[in-house]
Structure formats: structure tokens, C-alpha cells
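Colleague: Build me a model from this:
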Amino acid sequence: IPQGFIAYLNYKLSKTPYVITTHGGDIFGLQGKFMTYVKKITLKNAKKVTVVSNAIKNEIHEKIDSNLKIEVIPMGVDSKLFNPNKKDLSIKKKFGINGPFLLFVGRLAEKKGVKYLLEAMPKVIQNFPTTKLIIIGTGTLESELKRLAKDLKIEENVIFTGAIENSKLPKYYATADIFIGPSIQTKEGDREGLPVSLMEAMASGCIVITTNL
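Modeller: Prediction:
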């Protein structure tokens, strides 16, 4: 939504077939009878429907269309790009990291759960004072999260880099000690499908901490 629905309207006009791939956001979010109807007709009329995880497939079958044929095709990671050999200690020097290096990569939106990561940091710093957390990404909550870091008095230990192009991410994953993906389910029901950042981190040899979602 809206791309899939536009493809559906085009199909009704020109009979051009279309394929739907969903990563979860539109399926878990956008609740209500009308949006469920829009999702149902969009999916039902597609030539093929693919999803990136079984959780999304189950959600569609339980809440939208139990008879829909769905193929699960997980997100892939280029292991030539993301691998442990991309470790680059100049990153630690650049950001003054002399202790544990924690990393988050993703959009700064509610379902990513970065707020809870920041709220956990004072206790981490209390036990490991030299820990630094690098947060890569932008989003609607960026200003709010920066204020939270200031209120928690953890600005010295938390670095917001903003967006970094994908080709430069491998060295961050490979150099970090721990990648943290604190995803949540929002009050509106929106949640992750299968964050590619988790797989990029694992392919890079980085320890991953994430939520059971």
C-alpha cells in the first residue's frame, strides 16, 4: 500500500498482471475494515504473492484471506559485501570507541524500539563505562530520540550518525561487538516482518541481540 493497490487498479483497467512482495509493514499495520478490504482485493488479484517470513504468511491467512496461495522467500544478504573480513578499526578511532561497541542500523520509527535501547543504556554504562552505541539511520523519531539521550545523560556514549550509504555499512557491522534490534509491536499492531539488518549483522560475524517477535 499504495503501490500494490495502484497495481491492482491498473490490472482492472489493462489486465496487466502484477506480483506482490510484502515485508510486513502493510500487513501488520493499516488496520480497520476498509484497509483489510483493500489489502484483500490487492492480494487476491495478484498473479503471485510472496512474503519474507512465515509470520507474515500466517498473519495474511489468519486476518485477510485464509485461502490465498503465498510463497515465503526470505530476504537475502550478499556475503561478498557483508562478511567478517570487512572489519575496520578506523571506525573505532573515528568515534573514540575504546570499549564495547554496540550498533543499531535502521529507520528511527516506533516499531524499531530504539527508545527501549536508549532507556537500557544507563544500566549498561554503569557496568561498562566505556561502552558506546552507534545509531545509524534517520526517521520521524530522530529528534525525540536525541532528546531522550540528552535527558538520560548518555550523550557521551551514544552517537547518532544519520543515514549511511549501504556500501559503507559492512565495515560497521563487522567492527561492532554487538548488534541490537529491539523491535516491538506498536499499539496499532504494526511490527517488523524480517529486518534485513539482523541478517547483515550475522553475515558480518556480529553478535545479535533482538526481541522474540
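Colleague: Give me the secondary structure label for the residue lying closest to V196 once chain neighbours are set aside.
Modeller: Using C-beta to C-beta, 6 or more residues apart in numbering and skipping the chain neighbours, the partner closest in space to V196 is M75 (4.6 Å). Glycine gets a C-beta too; all of them are placed from N, C-alpha and C. Under DSSP: H, G, I helix; E, B strand; the rest coil, M75 falls in the coil class.
Colleague: Pretty sure M75 sits against S197.
Modeller: No. Counting by C-beta atoms under 8 Å, M75 sits too far from S197 to count as a contact (9.9 Å).
Colleague: and the two? which has more neighbours close in?
Modeller: S197 (24 against 15; other C-beta atoms under 10 Å).
Colleague: excluding its backbone neighbours, what's nearest the more buried one?
Modeller: Using C-beta to C-beta, 6+ apart, the nearest residue to S197 is V105, at 4.7 Å.
Colleague: what about the one you found, distance to I207?
Modeller: 14 Å (C-beta to C-beta, to the nearest Å).
Colleague: can you check F179 too?
Modeller: F179 is 7 Å from I207, by C-beta to C-beta.
Colleague: Please apply the same query to I135.
Modeller: For I135 relative to I207 (C-beta to C-beta), the value is 17 Å.
Colleague: higher neighbour count, the two?
Modeller: I135 (24 against 11).
Colleague: Output the helix or strand the more buried one falls within as CSV - backbone C-alpha positions only.
Modeller: Assigned by DSSP states H and E, I135 belongs to strand 132-136. Provided in CSV are the C-alpha atoms of strand 132-136 (Å, rounded to 0.1, in the frame of the first residue of the first chain):
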residue,chain,number,x,y,z
LYS,A,132,29.5,3.3,23.1
LEU,A,133,26.3,2.8,21.0
ILE,A,134,26.3,3.9,17.3
ILE,A,135,22.8,4.5,15.9
ILE,A,136,22.7,4.6,12.1
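Colleague: Might you report the residue contacts of the residue nearest to V196?
Modeller: 23, 52, 194, 196, 199 (C-beta atoms under 8 Å, 6 or more residues apart in numbering).
Colleague: same question, I154
Modeller: With C-beta under 8 Å, 6+ apart, I154 has these contacts: 118, 121-122, 125.
Colleague: which one of those sits closest to N166?
Modeller: The shortest approach to N166 among the contacts of I154 belongs to L118, at 24.4 Å (C-beta to C-beta).
Colleague: if I read this right, the residue nearest to S197 contacts A176, doesn't it?
Modeller: No. Shown here, V105 and A176 do not form a contact pair, counting by C-beta under 8 Å, at 9.3 Å.
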